[in-house]
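Undergrad: The sequence and its predicted three-dimensional model are supplied below.
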Amino acid sequence: MRSTARDMFRWVNSIQDARLFARAESVELESPLMHVRSEPPFEIHYGYGTRVYVRNGRVAEIMHSGSGDAGNTGIARVLADGTIVVVLSNSGMHRGTTWASYLAQRLVPRR
């Protein structure tokens, strides 16, 4: 994945605001499709290229992530309250996860 933080933010925000797609398609892109695993208090689902965190039957977070050559990684987290966290990194792995994922979780911990 190659992007700037600004463009990644604009992309995710445009999906949220249904500016790129009709509202029905935007909702579908953010919906859980297939249960992957349980990490209490969350149920983690796969969506259309996203990871969808469900808590108490409601979507708590949508996460877009990716990685590329030479340790490039990126993550965009969309929280239920509308907060969007974007982290891009070219530093590879840290403690069993990507630096982008690690920093995004440190910036706004999952509750």
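TA: Alright, I've got the coordinates.

Undergrad: which is the next helix or strand following whichever strand or helix holds Ala24?
TA: If you go by DSSP states H and E, Ala24 is part of helix 23-29. Counting by DSSP H and E, the next helix or strand C-terminal to helix 23-29 is strand 34-39.

Undergrad: For the longest helix seen in the chain, C-alpha coordinates in PDB please.
TA: Determined from DSSP state H, the single longest helix within the chain is helix 5-16. Listed next in PDB are the C-alpha coordinates belonging to helix 5-16 (Å, rounded to 0.1, in the frame of the first residue of the first chain):
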ATOM      1  CA  ALA A   5      -1.800   9.900   5.700                       C
ATOM      2  CA  ARG A   6      -3.900  12.800   4.300                       C
ATOM      3  CA  ASP A   7      -5.100  10.700   1.400                       C
ATOM      4  CA  MET A   8      -5.800   7.700   3.600                       C
ATOM      5  CA  PHE A   9      -7.900   9.900   5.900                       C
ATOM      6  CA  ARG A  10      -9.800  11.400   3.000                       C
ATOM      7  CA  TRP A  11     -10.500   7.900   1.600                       C
ATOM      8  CA  VAL A  12     -11.800   6.500   4.800                       C
ATOM      9  CA  ASN A  13     -13.800   9.600   5.600                       C
ATOM     10  CA  SER A  14     -15.300   9.600   2.100                       C
ATOM     11  CA  ILE A  15     -16.500   6.000   2.700                       C
ATOM     12  CA  GLN A  16     -18.000   7.100   6.000                       C
END
